[in-house]
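following is a predicted model, sequence given first.
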Amino acid sequence: MDRFDVDRLDADWPFEIDQQASHLFKHPYLGLDDVSDVWGSEPLFYPAKPPAHRLMVAEVSGQVLTVPLAPSNAGNPSTCRPIGCYIAADHLARRYREDR
């Protein structure tokens with residue numbers, strides 16, 4: 001699978017928000033503000049399983065959060081679609097902390 005290039009994402013706000021927004025809010029207390037916080041926390045990116053291409057991972061307020069990212073529906077290489085926001089699984093949180 002060809003994954004989108006995270007280096008081409010818009011530095012200010014690379015997120016294309018459309019019908020997937022409802023998935024961002026199915027987990028209590030996590031939403032677009034958290035996606036923004038992860039983006040602003042110098043995240044690391046890991047390969048993901050479809051439909052996501054990348055996992056954007058960062059520590060925010062003492063919790064490691066994961067935002068699965070899919071490519072832009074519009075084909076814009078400077079944007080991507082966040083398709084969730086979760087507290088990272090233990091193995092991913094450990095890897096993130098080791099990689100930091």
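Cool, got the structure. Not measured: the values here are computed from a predicted model.

can you name every helix or strand that the longest helix belonging to the chain contacts?
Among all segments of the chain classified by DSSP state H, the helix with the greatest residue count is helix 90-99. In this structure, helix 90-99 packs against strand 44-47, strand 54-60, strand 63-71, with contacts taken as 3 or more CB pairs under 8 Å, 6 or more residues apart in numbering; DSSP states H and E. Heads up, the C-betas are built off the backbone N, CA and C, glycines and all.

in that helix, which residues are buried?
Using 16 or more other CB atoms under 10 Å as the burial criterion, the residues of helix 90-99 that qualify are 92-93, 95-96.

then stretch 41-51?
Of the residues in stretch 41-51, those buried (16+ other CB under 10 Å) are 43-45, 48.

any low-confidence regions in the protein?
Counting by pLDDT under 70, the ranges of the chain that qualify are 1, 19-28.

redo that, cut-off 90
Along the chain, the parts satisfying pLDDT under 90 run over 1-4, 17-32, 83-84.

tell me, what residue is most central in it?
Centroid-nearest residue in the chain: Val67, 2.8 Å away (criterion: CA atoms, centre = their mean).

what's the closest non-adjacent residue to that one?
Nearest in space to Val67, with sequence neighbours left out and distances taken as CB to CB, 6 or more residues apart in numbering, is Met56 at 4.4 Å.

surely that neighbour is in contact with Trp39?
Yes. In this structure, Met56 sits in contact with Trp39. The criterion is CB atoms under 8 Å, and the distance is 7.1 Å.

now do the shared contacts for the two.
Residues touching both Met56 and Trp39 comprise Val67, with contact defined as CB atoms under 8 Å, 6 or more residues apart in numbering.

which of these two has more residues huddled nearby?
Of the pair Met56 and Trp39, Met56 is the one with more neighbours under other CB atoms under 10 Å, namely 25 against 19.
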